[in-house]
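Asks: one predicted model, sequence on top.
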Amino acid sequence: MAGQIPQRFIDDLLARVDVVELVGERVQLKKAGRNHAGLCPFHQEKTPSFTVSADKQFYHCFGCGAHGNALRFLMEYDNLPFPEAVEQLASRLGLEVPREGADDPRAQARERKRKEGVNLLELSASFFRERLKMPEGQAARHYLAERGLSPEIQAAFGIGYAPDEWESLKRHLSVREIPEALQIEYGLLVHREESGRTYDRFRDRVMFPIRDVRGRTIAFGGRVLGDAKPKYLNSPETPVFHKGRELYGLFEARQANTRLERLVIVEGYMDVVALAQFGIRNAVATLGTSTSEDHLSRLFRMVDEVVFCFDGDRAGRQAASRALEVVLPLMIDGRQARFLFLPEGDDPDTLVRREGAEAFVDRITCASPLSEFLFDLAARGRDLARIEDRERYASQVLAATGKLPDGLLKSMMLNELSRRTGVERSRFEALMSRSDIGVGAPVEVEATSAPLKPSSVTGAGAGPQHDRMPLGLVARILQLLLHEPILVERLPETEDWYPEGDPDVPLCREVVRLLRAGRYRSGQVLLAHFHGSDQGQRLAVLVRREMLIPRAARAQELDGLVEHFRRHQRRPSCQERVDALLAKQRSGERLSPEERQRLMTLLAELGS
């Protein structure tokens, strides 16, 4: 972008845009007192916890913690970078976005070229669509009809045809005075250095425009009609197209259903379009690359369940092994990943045409959960009656489990591994905590398949923004006391060390009082005392969270926390109070009406 967007323009933009109207175009909202409420678009829920405030021009979800102003909503919902979100909001009001430092000629030239490139791609998409209707597109129309694609589906996906000529598109664009250098940069022309000749990249191909989340054409995929190679050809990397981030069909899937709950990853564009023809409008495809972390992070921001669809042959299972490696670190609690293997010789296109939509949806619904696929994958080709094979099996499952984020899924995987192998869970936990060695061989499809990397001490890195927040400092003290009640003797007798504003302080005071009274000398007895109350739910959440601090270091950890509080005793900042309330909310507790109102007020203060 040429120059920065002035803050004064952003402030003016937010003052003129109605966040209720903006959100209401994408989410069904109902009036609820002074606010509007609806189902959160950022996580799956049945009871509305998503609130939009007309007074504060703010939204907040009490279920997942998503919050922000109109710009933040566009960035999260449409997956837009900040500058593009500003551009989109400005276009609603007919405003031109100003740029500070935009007098730099080089920056101006870059911005001008980017806009020309986007316009070039839209012109090309229109050209391909028109050629499909002409006599020269007869063979392409026949091919699409044979594949059972209706005119409506063809129009929904913007399908077109690149004529069987060397310079058809080149001539069309040149008449419109679009420089050849720009056509080359955006992947539409090929330049032969030895001869200096340029010609159309796509010839005699059915054309599939690749769109971004806003519906703008950013690249193309072409399926050849004759015998030329390759059978499928994608645009190269360009200033607006990066294969490792984009997914074919994602825009169309969101257009067809704004309340997506599941997305299915297939291999190619024809699979996506064929499934759409049968009413299955939640399929996407990668673009000549393996599924990446960027792909999956993007999908998990929209849905809680992703289904990988593979051929049932060896290559398909190797691809599934690679997908498993990528998805493991992203599997925070509440997410699901499934693995669907089709009969050998079939792809989604052929299978849905033979079996029908209902049978294919049944296959998706019955696809193997990640846990089942992982255990089956590790057992493949091994005799689990033999100790040596069982050891490799356990080591490989443990290596994969170590990549999972801390949470219920990871804990349940360890329990299941213990049940299947007869090895105590504590032994597996000890192996996972050893940072000086790997935890065993990686999961393999067969001996030659790509391995999973061993885990580190704490497993995989944290997931995207909807991962659970870290425990607050007082919550960490509570967790220590639940695991080691005797540590209460190290706490100061006075209460001047408790921090102000932390929502866990009242519960911590009560737990300390009970422990000092001498009646509750174990965490389980404490839980029983609070059973059935909000405090009991909070303590249960803390008990379920893994205690990563070794027993020998817990006293030192407690002393350090108390010392920290005493040295930094002050009124918490607005951001700290927001963080504390969000931490309590995301840990599984429901905020009281007063706390909800306080949170909305604090968020509005931060956004002002």
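Replies: Nice, thanks for sending it over. Residues are numbered from 1 along each chain as shown.

Asks: what's the average pLDDT for the longest helix anywhere in the chain?
Replies: Secondary structure of the chain per DSSP state H: the longest helix is helix 105-133. The average pLDDT for helix 105-133 rounds to 86.

Asks: show me what counts as buried in that helix.
Replies: 111, 113, 117-118, 120-121, 123-125, 127-129, 131-132 (16 or more other CB atoms under 10 Å). (Each C-beta comes from the backbone N, C-alpha and C, glycine too.)

Asks: okay, those in a markdown table with distance to D11 next?
Replies: Listed next are the buried residues of helix 105-133 as a markdown table, based on distance: CB to CB, whole Å:
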| residue | distance to D11 |
| --- | --- |
| E111 | 23 |
| K113 | 30 |
| G117 | 31 |
| V118 | 27 |
| L120 | 34 |
| L121 | 33 |
| L123 | 36 |
| S124 | 38 |
| A125 | 36 |
| F127 | 42 |
| F128 | 42 |
| R129 | 41 |
| R131 | 47 |
| L132 | 47 |
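
Asks: correct me if wrong: V512 contacts E489.
Replies: No - here V512 lies out of contact with E489, judged by CB atoms under 8 Å, at a distance of 10.6 Å.

Asks: more neighbours: the two, which one.
Replies: V512 (17 against 9; other CB atoms under 10 Å).

Asks: let me see the mean pLDDT of the helix or strand hosting that one.
Replies: If you go by DSSP states H and E, V512 is part of helix 505-517. Mean pLDDT, helix 505-517: 90.

Asks: same for it, what does it pack against?
Replies: Where contact means 3 or more CB pairs under 8 Å, 6 or more residues apart in numbering; DSSP states H and E, helix 505-517 is packed against helix 473-483, helix 523-529, helix 534-544.

Asks: buried residues in the last one?
Replies: Residues of helix 534-544 classed as buried by neighbour count (16+ other CB under 10 Å): Q535, G536, R538, L539, V541, L542, V543.

Asks: how much does it deviate in direction from helix 505-517?
Replies: Angle, helix 534-544 to helix 505-517, by axes from the mean of the first three to the mean of the last three CA atoms, to 10 degrees: 80 degrees.

Asks: and the contacts of helix 534-544?
Replies: Applying CB atoms under 8 Å, 6 or more residues apart in numbering, the contact partners of helix 534-544 are 408, 411, 471, 475, 478-479, 482, 504, 507, 510-511, 523, 526-527, 530, 584, 587-590.

Asks: what does the shortest one give?
Replies: The contact list for helix 523-529 (CB under 8 Å, 6+ apart) reads L481, L482, H483, P485, V511, L514, L515, Y520, G536, L539, A540, V543.

Asks: change it to 10 Å
Replies: For helix 523-529, contacts defined as CB atoms under 10 Å, 6 or more residues apart in numbering pick out 478-479, 481-485, 510-511, 514-515, 519-520, 522, 535-536, 539-540, 542-543.

Asks: buried subset of the residues you listed?
Replies: 478-479, 481-485, 511, 514-515, 520, 535-536, 539, 542-543.

Asks: show me where pLDDT drops low in the stretch 151-300 of the chain?
Replies: Within the stretch 151-300 of the chain, the stretches with pLDDT under 70 are 258.

Asks: recalculate using a threshold of 80.
Replies: For the stretch 151-300 of the chain, applying pLDDT under 80 flags the ranges 213-214, 258-259.

Asks: also the stretch 351-500 of the chain?
Replies: Looking at the stretch 351-500 of the chain by pLDDT under 80, you get 434-472, 495-496, 500.

Asks: ditto for the stretch 501-608 of the chain
Replies: In the stretch 501-608 of the chain, residues with pLDDT under 80: 501, 518-528, 531-532, 544-553, 564-577, 579, 583, 585-589, 593-594, 601-608.

Asks: that older thread, who are the packing partners of the longest helix of the chain?
Replies: helix 138-146, helix 151-156, strand 160-162, helix 168-175, helix 180-185, strand 205-211, strand 217-224 (3 or more CB pairs under 10 Å, 6 or more residues apart in numbering; DSSP states H and E).

Asks: give me that answer again for 8 Å
Replies: Helix 105-133 packs on strand 160-162, helix 168-175, helix 180-185, strand 205-211, strand 217-224, going by 3+ CB pairs under 8 Å, 6+ apart.

Asks: rewinding a little: selection in ChimeraX covering whichever of the contacts of helix 534-544 are buried, please.
Replies: ChimeraX command restricting the contacts of helix 534-544 to the buried ones, with burial defined by 16+ other CB under 10 Å:
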select :411,471,475,478,479,482,504,507,511,523,526,527,530,584,587,589
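
Asks: what helix or strand is the nearest residue to P348 once chain neighbours are set aside on?
Replies: Distances taken as CB to CB, 6 or more residues apart in numbering put D271 closest to P348, at 4.1 Å, once the chain neighbours are dropped. Per DSSP H and E, D271 falls inside helix 269-277.

Asks: same thing with A604?
Replies: Here A604 is assigned to helix 593-607, by DSSP H and E.

Asks: show me what counts as buried in that helix.
Replies: Within helix 593-607, the residues that count as buried by 16+ other CB under 10 Å are E595, R596, R598, L599, M600, T601, L602, L603, A604.

Asks: closest to I159 among these?
Replies: Ranked by distance to I159 (CB to CB), the buried residues of helix 593-607 are led by L603 at 44.5 Å.

Asks: just checking, the closest one touches C61?
Replies: No - the pair L603 / C61 is not scored as a contact, 11.2 Å apart, by CB under 8 Å.

Asks: what do these two both touch?
Replies: H67.

Asks: ok so, going back, quick check, nearest of the buried residues of helix 534-544 to R141?
Replies: For those, the nearest to R141 is V541 (59.4 Å; CB to CB).

Asks: ok, now how distant is the closest one from F373?
Replies: Distance check for V541 against F373: by CB to CB, to the nearest Å, it reads 29 Å.

Asks: same check on E180?
Replies: Relative to F373, and taking CB to CB, E180 is found at 49 Å.

Asks: ditto for A379
Replies: From A379 over to F373 (counting by CB to CB), the distance is 11 Å.

Asks: and for L409?
Replies: 13 Å.

Asks: tell me who's in contact with A85.
Replies: L71, L74, M75, D78.

Asks: go with 10 Å
Replies: Neighbours of A85 in contact, by CB under 10 Å, 6+ apart: A70, L71, R72, F73, L74, M75, E76, Y77, D78, N79.

Asks: and if you look at L603?
Replies: S53, K56, F58, Y59, H60, H67, G68, N69, C574, V578, L581, L582.

Asks: picking up where we left off before, buried sites along the helix holding D271?
Replies: Buried, per 16+ other CB under 10 Å, within helix 269-277: Y269, M270, D271, V272, V273, A274, L275, A276, Q277.

Asks: repeat for stretch 170-190
Replies: K170, H172, L173, I178, L182, Q183, I184, E185, Y186, G187, L188, L189.

Asks: in the stretch 251-400 of the chain, which spans are helices?
Replies: Remark: helices assigned in the stretch 251-400 of the chain by DSSP state H, counting those that start in this stretch are 269-277, 293-300, 314-327, 348-355, 357-365, 370-379, 387-401.

Asks: circling back: quick one, which of A379 and F373 is more surrounded?
Replies: Higher neighbour count among A379 and F373: F373, with 23 against 16, using other CB under 10 Å.

Asks: could you find the closest non-adjacent residue to that one?
Replies: Using CB to CB, 6+ apart, the nearest residue to F373 is F339, at 4.4 Å.

Asks: so that neighbour makes contact with V264?
Replies: No - in terms of CB atoms under 10 Å, F339 does not count as a neighbour of V264; the distance is 11.2 Å.
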